[in-house]
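# With the input below, show me the fold.
(chains A and B)
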Amino acid sequence: MRRIVGLVLAVALMATCSVYAADPVYIGAMGAITGGSAISGEQASQGLILAEEDINAAGGVLGRPVKIIMEDSRGLPTGGVTAARKLIFQDNVVGIIGCHQSTVVMAIEPLIRQEGVICMAKGSADMITAAGNPWIVRVREYDTLAASAKVRHALDKGYTRFAIFHNTDQFGEGGRQNLIDALARHGLEPVAVEAHNTGDKDFTAQLLNIRRADPEVLIVWTHGDEHALICRQVAQLLPDVQYYGSMAITQWSSIQMAEGTSEGAYTTSPYSYLNPDPDVQAFVKRHQERFGRPPETFTVLYYDSAMMLAEAIRRAGTTDRAKVLEELKKIKGWKGVSGIEYSFDERGEAFNELFICRIENQQPVIIEKVSVN
Amino acid sequence: MAELAIVLQQIVAGLALGSIYGLVALGYNFIFNAVGIVNLAQGDFVMLGGYIYGGTLTLLLGLPFLPALLLTAIAMAIFGIVSQRIVYYPLRDAHPRMVMLSTIALGIFLKNISLIAWGTYPVSVSGLFGQRGLRIAGVSILYQYIFILVCVIILLAIQQYFFKKTTLGKSMRAVAQDRLAAMLMGIDAYKMIAITFAYSSTLAAIGGVLLAPVFMVSQVLANVGLKGFAACVIGGWGDITGAVIGGLVVGLVEVFSASYISSVYKDAIVFAILIGFLIFRPQGILGRATEVSL
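Here you go, the predicted structure:
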């Protein structure tokens, strides 16, 4: 009798074990799902939905399914910290993908360091990896890379009079400094530097101040909604100036919003849905069928990050964060659906190349691929 | 010459922005006059009008401008009456502060419901003129800006006529001045208040329709409510002409302070002036020196 009870208990225990074994591995993510930057959060979510499907279709990780939990940062540092705390303490995630805003990443940085959680940041400000937090890696082009590529491209075209118009958040302030530094390396100074806040709608005053300085090139460093409005107003107020935008102007939505006024603008971007690369096109087609529009930059970057994190968990053979991080940083030459090959360097940067794009016939056409070296 | 063109351009932008703020301020004033409360969801009404016009009627149903404008106005008038019934009527005997709190709640509700209904992408519509404009001697003026100015002037004229000459307008003013006395004279005060909400929502809707081609429609559009509020205070609460003048002042201050003081702190400067008015001239530029207890 005792044996039977023991057997039953053993079977029961094994049953519970196997239930536990089937428990999902949680991967956290954050983005602005509400608030002024809610577009980016939605784009990110769509990438994660597809990534979760693909990871689980490939058998999950460690024999367990993967569940990606997306939290709303509201695009605000406070929202980001709340979201990170929930992901870390309640959901016990292996890592957090995001946020896409540098300001939010910097706000959660101390918590990430303290708790030892992997953070695959999507903000582009240099300070994210310069903070020296070993837990943070970045899967996005960083601003010095973008700034020097833009400046070099404009100089090659023979322009020398540069004006800068930037957002006042961490992303924009960082961009301004990177541009000034990049110009200084060529012995130049901007002829005008102006700023605006997130959510601003009218830029007449700043653009007129820029007009006074009579620049040949205007480099704008800001986010999607503002970018589209700035394109429109630049077309009115500075029609003869060559426009260089942030990555945001290559976005399908941004081009629509600009109503043709972003035509001819150059930018640097980690991705274009026009990239003829078959991997990119396969993803574009799938996304188009599923969500009715081509994937945007954050869609592919969040997707690629989730896929790489899952791969790192597989290679580590555990969800132990330190071991997963170690494997993640070993990833070299990983081809993403963005069209970029990611190789993590010692700083945690996955990017060492990016595209120069030009808006032609309302499409972000890739002009060339530039690399760090 | 180049400098003159720049200053003229600044004035044009200031007036265009200002007339929109004035339009929003008018909406505040009607409700304030009728029931003595500030509808803090006025900016959200503008946003909702923009979404209905841009997101649903133009992009989804493909209606041309005029039918879309008319349908938006009607939809928003109905919305005004309904929201009045929910937000104001049950609290009509409570302290005005309570009603104002409930309008804040309505605003939050509208922002979030519009996120669900129309999504996170800003709605971009071309309106009648798209991004086309005039260019005279280095000054470029969007046709839409001229259109906004003309619309505001026409609305102002209609309004003056309506309140001074028609029975309905006079009844509404009577309710605003003394609800009890008006009721004793046989005026259905609550009907008048419902009409006031409908009208003020219609004004917001027109604001949304006019703004959509210039600024696109997103949750951020609701922020014009704050500038409209500042316009009301600066122009004088309850004063119709004052609202428009206040709007123009706010628009011009915004553009000029951004040009010559700081583009980053332009909103802070506007609100500092607002606080200055609240302290030193609470009745505003044109306002009557009445006591307002909030």
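# residues from the stretch 151-294 of chain B in reach of chain A?
B:214-216, B:218-221, B:223, B:254-256, B:258-259, B:263-264, B:266-267 (C-beta under 8 Å from any C-beta of the partner chain). The C-beta positions use only the backbone N, C-alpha and C, and glycine is treated the same way.
# Just the ones of those in helices?
B:214-215, B:254-256, B:258-259, B:266-267 (DSSP state H).
# Next, format these as JSON lines and append neighbour count and pLDDT.
As requested, these are exported to JSON lines (neighbours: other C-beta atoms under 10 Å in any protein chain shown; pLDDT from 0 to 100):
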{"residue": "B:V214", "neighbour count": "22", "pLDDT": "87"}
{"residue": "B:F215", "neighbour count": "24", "pLDDT": "87"}
{"residue": "B:E254", "neighbour count": "25", "pLDDT": "90"}
{"residue": "B:V255", "neighbour count": "26", "pLDDT": "90"}
{"residue": "B:F256", "neighbour count": "18", "pLDDT": "91"}
{"residue": "B:A258", "neighbour count": "30", "pLDDT": "87"}
{"residue": "B:S259", "neighbour count": "23", "pLDDT": "85"}
{"residue": "B:K266", "neighbour count": "23", "pLDDT": "84"}
{"residue": "B:D267", "neighbour count": "18", "pLDDT": "84"}
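# B:S257 is in contact with B:I269, isn't it?
Yes. Taking contacts as C-beta atoms under 8 Å, B:S257 lies within contact range of B:I269: 4.3 Å.
# The two: who's more crowded?
B:S257 (20 against 16; other C-beta atoms under 10 Å in any protein chain shown).
# mind listing what that one touches?
Contacts for B:S257 (C-beta atoms under 8 Å, 6 or more residues apart in numbering or on different chains) come out as B:265-266, B:269-270.
# Check what pLDDT it gets.
We have a pLDDT of 90 for B:S257.
# By mean pLDDT, point me to the weakest helix or strand of chain A.
Counting by mean pLDDT, DSSP states H and E, chain A has its least confident helix or strand at helix A:2-21, which shows a mean of 54.
# Next SSE downstream of that helix?
strand A:25-31 (DSSP states H and E).
# That following strand: partners in the sheet, and parallel or antiparallel?
Strand A:25-31 has its sheet partners listed here by DSSP bridges as strand A:66-72 (parallel), strand A:95-97 (parallel).
# Show me what the helix or strand following that strand is packed up against.
Sequence order places helix A:38-57 as the next helix or strand after strand A:25-31, per DSSP H and E. For helix A:38-57, the packing partners by 3 or more C-beta pairs under 8 Å, 6 or more residues apart in numbering or on different chains; DSSP states H and E come out as strand A:25-31, strand A:66-72, helix A:224-237, helix A:278-291, helix A:297-316.
# Now helix A:38-57 - C-alpha only, CSV.
Listed next in CSV are the C-alpha coordinates belonging to helix A:38-57 (Å, rounded to 0.1, in the frame of the first residue of the first chain):
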residue,chain,number,x,y,z
ALA,A,38,2.1,55.6,-29.2
ILE,A,39,2.9,54.9,-32.9
SER,A,40,6.3,53.5,-32.0
GLY,A,41,4.8,51.2,-29.4
GLU,A,42,2.2,49.8,-31.8
GLN,A,43,4.9,49.2,-34.4
ALA,A,44,7.0,47.4,-31.8
SER,A,45,4.1,45.3,-30.6
GLN,A,46,3.4,44.0,-34.1
GLY,A,47,7.0,42.9,-34.5
LEU,A,48,6.8,41.1,-31.1
ILE,A,49,3.6,39.3,-32.1
LEU,A,50,5.3,37.9,-35.1
ALA,A,51,8.4,37.0,-33.2
GLU,A,52,6.5,35.1,-30.5
GLU,A,53,4.8,33.1,-33.2
ASP,A,54,8.1,32.3,-34.9
ILE,A,55,9.9,31.4,-31.8
ASN,A,56,7.2,29.0,-30.6
ALA,A,57,6.7,27.6,-34.1
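# For the spatially most central residue of chain A, which residues are in contact?
The residue lying closest to the centre of chain A (C-alpha atoms, centre = their mean) is A:K122, at 3.5 Å. Residues in contact with A:K122 (C-beta under 8 Å, 6+ apart) are A:31, A:44, A:97-101, A:105, A:138-140, A:298, A:301-302, A:305.
# go again using 7 Å as the cut-off
A:98-100, A:139-140, A:298, A:301 (C-beta atoms under 7 Å, 6 or more residues apart in numbering or on different chains).
# Over to B:Q159?
Counted by C-beta under 7 Å, 6+ apart, B:Q159 has contacts B:I240.
# Confirm that it lies within a helix, as I assumed.
Yes. Checked against DSSP: H, G, I helix; E, B strand; the rest coil, B:Q159 lies within a helix.
# how far away is it from A:A146?
Noted for B:Q159: a distance of 51 Å to A:A146, by C-beta to C-beta, to the nearest Å.
# Check A:M307 too.
A:M307 is 24 Å from A:A146, by C-beta to C-beta.
# quick one: which of those two has more around it?
Each of A:M307 and A:A146 has its neighbours counted (other C-beta under 10 Å); A:A146 has more, 26 against 19.
# so after the helix or strand harbouring the more buried one, what's the next helix or strand?
Using DSSP H and E, A:A146 falls within helix A:143-156. Using DSSP H and E, the next helix or strand after helix A:143-156 towards the C-terminus is strand A:162-167.
# Flag every buried residue along that following strand.
Neighbour counts over strand A:162-167 (16 or more other C-beta atoms under 10 Å in any protein chain shown) mark A:162-167 as buried.
# With distance to A:I367 and pLDDT added, can I get these in JSON lines?
Listed next are the buried residues of strand A:162-167 as JSON lines, based on distance: C-beta to C-beta, whole Å; pLDDT from 0 to 100:
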{"residue": "A:F162", "distance to A:I367": "19", "pLDDT": "96"}
{"residue": "A:A163", "distance to A:I367": "22", "pLDDT": "96"}
{"residue": "A:I164", "distance to A:I367": "22", "pLDDT": "96"}
{"residue": "A:F165", "distance to A:I367": "22", "pLDDT": "96"}
{"residue": "A:H166", "distance to A:I367": "23", "pLDDT": "95"}
{"residue": "A:N167", "distance to A:I367": "25", "pLDDT": "93"}
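# Is it possible to get a markdown table of those residues that adds distance to A:I112?
Conversion of the buried residues of strand A:162-167 to a markdown table gives the following (distance: C-beta to C-beta, whole Å):
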| residue | distance to A:I112 |
| --- | --- |
| A:F162 | 36 |
| A:A163 | 36 |
| A:I164 | 31 |
| A:F165 | 32 |
| A:H166 | 26 |
| A:N167 | 24 |
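# tell me the most buried of the helices and strands packed on helix A:38-57?
strand A:25-31 (a mean of 27; mean count of other C-beta atoms under 10 Å in any protein chain shown).
# send the alpha carbons of that strand over as PDB?
Extracted as PDB, the C-alpha positions of strand A:25-31 are listed here (Å, rounded to 0.1, in the frame of the first residue of the first chain):
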ATOM      1  CA  VAL A  25       9.800  31.500 -20.600                       C
ATOM      2  CA  TYR A  26       8.900  35.200 -20.200                       C
ATOM      3  CA  ILE A  27      10.500  37.900 -22.300                       C
ATOM      4  CA  GLY A  28       9.700  41.400 -21.400                       C
ATOM      5  CA  ALA A  29       9.300  44.400 -23.700                       C
ATOM      6  CA  MET A  30       8.300  48.000 -23.400                       C
ATOM      7  CA  GLY A  31       7.300  50.800 -25.700                       C
END
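# could you give the angle of that strand to helix A:297-316?
Per axes from the mean of the first three to the mean of the last three C-alpha atoms, to 10 degrees, the angle that strand A:25-31 makes with helix A:297-316 is 160 degrees.
# hmm, who's touching strand A:25-31?
A:40-41, A:44-45, A:48, A:61-62, A:64, A:66-71, A:73, A:80, A:83-84, A:87, A:91-100, A:302, A:306, A:309, A:313, A:319.
# Can you verify B:Y121 is assigned to a strand?
No. Assessed with three-state DSSP, B:Y121 is coil; it does not lie in a strand.
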